[in-house]
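Undergrad: Predicted model and sequence below, questions to follow.
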Amino acid sequence: MKKILFPTDFSEAATNSFVHALEFAKIVNGELILLHTFELPIYDNQFVPVNYNLVFDSLQLTEFDMFKEEIPKLHAIAEARKLGHIRMSHRLMDGSLLYNIKKAITEEKIDFIVMGTSGSTGWEAFFLGSNTGNVLAAVDVPVLSVPLGSKFNKIETIGFTTRYRDKDKKALKEVLKIAKKTHAKINCLYVRTNKSDVSPSTIKQWEEEFVGEPIQFSIIPSDDVQDTIADFILFKGIDVLAMLTYKRNFFVELFKPSLTQKFSNKLHIPVLAMHE
């Protein structure tokens, strides 16, 4: 059984992504570990208040009470979607979000992370320094990021970008496992730029290796990689985009405001970021 870490601050973005986490757990036969973290204030030793322990105890109790109130709401969402059978456990940890996520990954042997994003389009906040963006850059397990405007739809088409490298093939095989469990097809995109150096024999070898699998390979010549991927998402009806985490700036450009405005809500799909 796969273990999926779901960090939540019980915000609207987090609650929206919880539905995706539930459905993803169903697909991969996984269990959810719900993580809520909070940071206690740091006091200068010279100015420690007399009721120092009381302050900390009060803050911890407040967080615990909120945790107790919010968790049943998530269980109710699961029951309403007939996913109450999904196994869930809970962790309430003090300290920084990133530190506790990395700690939970190690202690719980996490396979995936599902996180919500927020912001005017969702994407800017994710890739421009938000908690989700920080997590993406710091962990070595796949991260499914879910923008606030993304409502869960049955996954029928998964997009996958490639540069026909061995590490891409390994990632594609992992995506294929997910696709088969949800009976989805994969549209694999290679954007051939003027600097592309992939040989026809490599492309042919890939096509032969995956013959008979629900994978369609598309090769589009263009020097505007971001625009091409955006068009690909829109016109191929992509439900989830899977891609290796190349340079962070690549993601920033891909989902910059001009593109998200150009395609309105069409780009509000989850992205499964897989690590090289």
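TA: Looks like it arrived, so ask away. Residues are numbered from 1 along each chain as shown.
Undergrad: So which residues of this protein form strands?
TA: Under the criterion DSSP state E, the chain contains strands at 2-7, 30-38, 88-94, 112-116, 143-146, 157-161, 185-192, 215-221, 240-244, 271-274.
Undergrad: Other residues contacting the fifth one?
TA: If you take CB atoms under 8 Å, 6 or more residues apart in numbering as the criterion, strand 143-146 is touched by 13, 16-17, 20-21, 24, 112-117, 126, 132, 135-136, 240, 270-273. C-beta: built from backbone N, CA, C; applies to glycine.
Undergrad: hmm, back to that, possible to save the strands of the chain as CSV with mean neighbour count, mean pLDDT and distance to Asp227?
TA: Converted to CSV, those look like this (neighbours: other CB atoms under 10 Å; pLDDT from 0 to 100; distance: least, CB to CB, whole Å):
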stretch, mean neighbour count, mean pLDDT, distance to Asp227
strand 2-7, 22, 94, 32
strand 30-38, 21, 90, 35
strand 88-94, 15, 88, 40
strand 112-116, 26, 89, 26
strand 143-146, 25, 86, 21
strand 157-161, 22, 95, 13
strand 185-192, 20, 96, 10
strand 215-221, 14, 95, 10
strand 240-244, 22, 89, 15
strand 271-274, 24, 86, 17
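Undergrad: so which of the ones you listed comes closest to Pro200?
TA: Closest to Pro200 of these is strand 215-221 (CB to CB; 10.0 Å).
Undergrad: Look at the nearest residue to Ala14 once chain neighbours are set aside and report its pLDDT.
TA: Setting aside the residues directly before and after it, Ala14 is nearest to Thr8 in space (CB to CB, 6 or more residues apart in numbering), at 4.1 Å. As predicted, Thr8 sits at a pLDDT of 86.
Undergrad: Hmm, Leu176 is touching Glu213, no?
TA: Yes - counting by CB atoms under 8 Å, Leu176 does reach Glu213; the two are 6.2 Å apart.
Undergrad: Which parts of the stretch 51-200 of the chain are helices?
TA: Ranges of helices within the stretch 51-200 of the chain are 52-80, 97-108, 123-127, 131-138, 166-181, 200-209, based on DSSP state H, counting those that start in this stretch.
Undergrad: and of the strands of the chain, who's closest to Asp65?
TA: Closest to Asp65 of the strands of the chain is strand 88-94 (CB to CB; 10.8 Å).
Undergrad: CA atoms only: put stretch 193-206 into PDB for me.
TA: The C-alpha trace of stretch 193-206 is given here as PDB (Å, rounded to 0.1, in the frame of the first residue of the first chain):
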ATOM      1  CA  THR A 193      13.600  23.000 -30.700                       C
ATOM      2  CA  ASN A 194      16.500  24.200 -32.900                       C
ATOM      3  CA  LYS A 195      18.800  23.000 -30.200                       C
ATOM      4  CA  SER A 196      17.300  19.500 -29.900                       C
ATOM      5  CA  ASP A 197      19.700  16.600 -30.300                       C
ATOM      6  CA  VAL A 198      17.500  13.600 -30.000                       C
ATOM      7  CA  SER A 199      18.100  11.200 -32.900                       C
ATOM      8  CA  PRO A 200      15.300   9.500 -34.900                       C
ATOM      9  CA  SER A 201      16.700   6.100 -33.800                       C
ATOM     10  CA  THR A 202      16.100   7.000 -30.100                       C
ATOM     11  CA  ILE A 203      12.600   8.100 -30.800                       C
ATOM     12  CA  LYS A 204      11.900   4.900 -32.800                       C
ATOM     13  CA  GLN A 205      13.400   2.800 -29.900                       C
ATOM     14  CA  TRP A 206      11.000   4.400 -27.500                       C
END
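Undergrad: and for it, what are the contacting residues?
TA: For stretch 193-206, the surrounding residues in contact (CB under 8 Å, 6+ apart) are Arg163, Tyr164, Lys169, Tyr190, Arg192, Phe217, Ile219, Pro221, Ser222, Asp223, Val225.
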